[in-house]
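coords please:
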Amino acid sequence: MKQFLVLSFAILLLTVKVSAQLPYSFSVYNQAYAPLTGATLFHPGLVWNVNSIFSAPIGFPFTIDTFHCSNFYSEGANTTSTDTTSATFSGFILTDAGLDDRGSVGGGTVSLSPVRYEVTGSAGHQVFKFEVFNAGFDQQLVDSGFMSDSVDMQLWYYEDSGIVEIRYGPSLITGTDYFNFAGTMSGFVQNLDSNGDGTIYLLGGNPASPTVQAVPLVSGNPTTTVNVLSSFPPSGTVYRFAPISYPNNVTSIFTTTNVNVYPTAAQDEVMINYKGNETLSYDVLSLNGARMANGSANNGTTHIDVSNFPAGIYLLHLQGSADSKVYKFVKI
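Prediction:
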């Protein structure tokens with residue numbers, strides 16, 4: 001694979017055409033980070049580094065943009081990509097920082113940074129989950145000979161909807177030169193070929209409410225000013241990429257017929273009126289990411305007590321097995 005993100009743009013070695021548009025709608029929400037306990041290790045017990053390859057069957061047919069994928073693929077654990085043998089490929093950027101196994105310090109041979117995966121859910125509603133856990137920063141190892149800083153990250157593929165989520169867990173980042181710019185990179189890379197033609201869609205600004213910027217590259221260089229995230233996303237941040245069209249799509253359960261959240265301005269309670277057999281989970285979050293309430297919703301009406309919430313705007317995140325939606329309400 002072309003390791004497109006150890007990412008200085010020079011390292012990309014790319015020439016790029018401008019794509020018509022990002023083939024995903026982008027949104028951000030917060031959900032408590034949960035490590036993948038009991039998942040399958042890619043390299044059991046062995047240390048890995050920025051050049052290591054991680055490949056596994058997804059477990060179901062999955063499409064990224066126009067690429068039909070049977071296997072998950074990552075080089076260096078900081079990015080993922082589609083088929084590495086085709087003329088072009090696309091993929092997702094978790095971070096542009098080079099990552100290493102923290103067990104490799106001093107020539108160590110026992111892994112301290114598991115890279116693992118699992119497939120959850122029933123057939124037709126499965127989710128492939130990839131995680132890099134307790135990974136160290138290669139630049140810190142180069143600079144100092146140790147890796148005290150670390151990061152946890154996940155990437156999820158949803159079978160039914162084609163949704164891709166990048167999920168960030170706890171991190172410790174004290175260094176200033178782990179990333180290629182003044183902040184970290186996250187986003188989607190589209191249609192890169194062996195010469196580098198393609199487009200990179202970067203998330204920029206405040207990690208809690210980032211903008212999306214299309215960056216065409218010419219001869220490996222950006223033709224516009226690059227806007228990256230101002231800081232590494234805090235734990236619980238979820239970046240969601242929902243395909244504008246998807247060949248395996250089923251009808252979402254989150255329609256006005258099936259789910260109604262009301263009132264939009266609440267004093268005592270918010271209600272979820274739901275018509276369906278699947279149990280949904282919910283989280284109520286403040287705009288700064290604090291979890292105010294959580295629980296489950298079944299067929300019928302679920303009442304959420306908000307009487308003690310401070311006045312302000314809140315987000316209600318409803319999660320199904322293969323789809324989710326965020327609703328906004330005001331506590332008055």
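
how is the chain carved up into domains?
Listed by automatic domain parsing, the domain ranges of the chain are 9-243, 259-331.

Would you mind finding the most buried of those?
Mean neighbours per residue, mean count of other Cβ atoms under 10 Å, is largest over the domains of the chain for domain 9-243, with a mean of 19. Backbone N, C-alpha and C define where each C-beta goes, glycine included.

starting at the chain centroid, how far to that one?
Averaging C-alpha positions (Cα atoms, centre = their mean, to the nearest Å) puts domain 9-243 7 Å from its chain's average.

what's the closest non-adjacent residue to the spatially most central residue of the chain?
By Cα atoms, centre = their mean, the chain has its centre lying nearest to I166, at 0.5 Å. Closest residue to I166 in three dimensions, ignoring its sequence neighbours and counting by Cβ to Cβ, 6 or more residues apart in numbering: Y239, at 4.4 Å.

And the one you found, how far from H303?
31 Å (Cβ to Cβ, to the nearest Å).

what's near enough to touch the nearest residue to K275 once chain neighbours are set aside?
Leaving out its chain neighbours, the residue that sits closest to K275 by Cβ to Cβ, 6+ apart is N258, at 5.1 Å. N258 is in contact with 274-276, counting by Cβ atoms under 8 Å, 6 or more residues apart in numbering.

Closest to S209 out of these?
Y274 (27.8 Å; Cβ to Cβ).

From what I see, that closest one and Y282 are in contact.
No: under the criterion of Cβ atoms under 8 Å, Y274 is not in contact with Y282, lying 10.0 Å apart.

got any residues that touch both of those two?
297, 302.

thinking again about what came up before, please flag which of the contacts of N258 sit within strands.
The strands, defined by DSSP state E, take in Y274 from these.

could the contacts of N258 go into JSON lines alongside distance to I244 and pLDDT?
Shown next, in JSON lines, are the contacts of N258 (distance: Cβ to Cβ, whole Å; pLDDT from 0 to 100):
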{"residue": "Y274", "distance to I244": "26", "pLDDT": "93"}
{"residue": "K275", "distance to I244": "26", "pLDDT": "90"}
{"residue": "G276", "distance to I244": "25", "pLDDT": "84"}
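
export the domains of the chain to TSV and tack on distance to I253?
Output for the domains of the chain, formatted as TSV (distance: least, Cβ to Cβ, whole Å):
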stretch	distance to I253
domain 9-243	10
domain 259-331	5
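
isn't E75 right up against W48?
No: with contact defined as Cβ under 8 Å, E75 and W48 do not form a contacting pair (10.6 Å).

any common contacting residues for those two?
F54.

and L112, what does it touch?
101-103, 134.

same thing but 10 Å
Neighbouring residues of L112 by Cβ atoms under 10 Å, 6 or more residues apart in numbering: 47, 101-105, 133-136, 147, 150.
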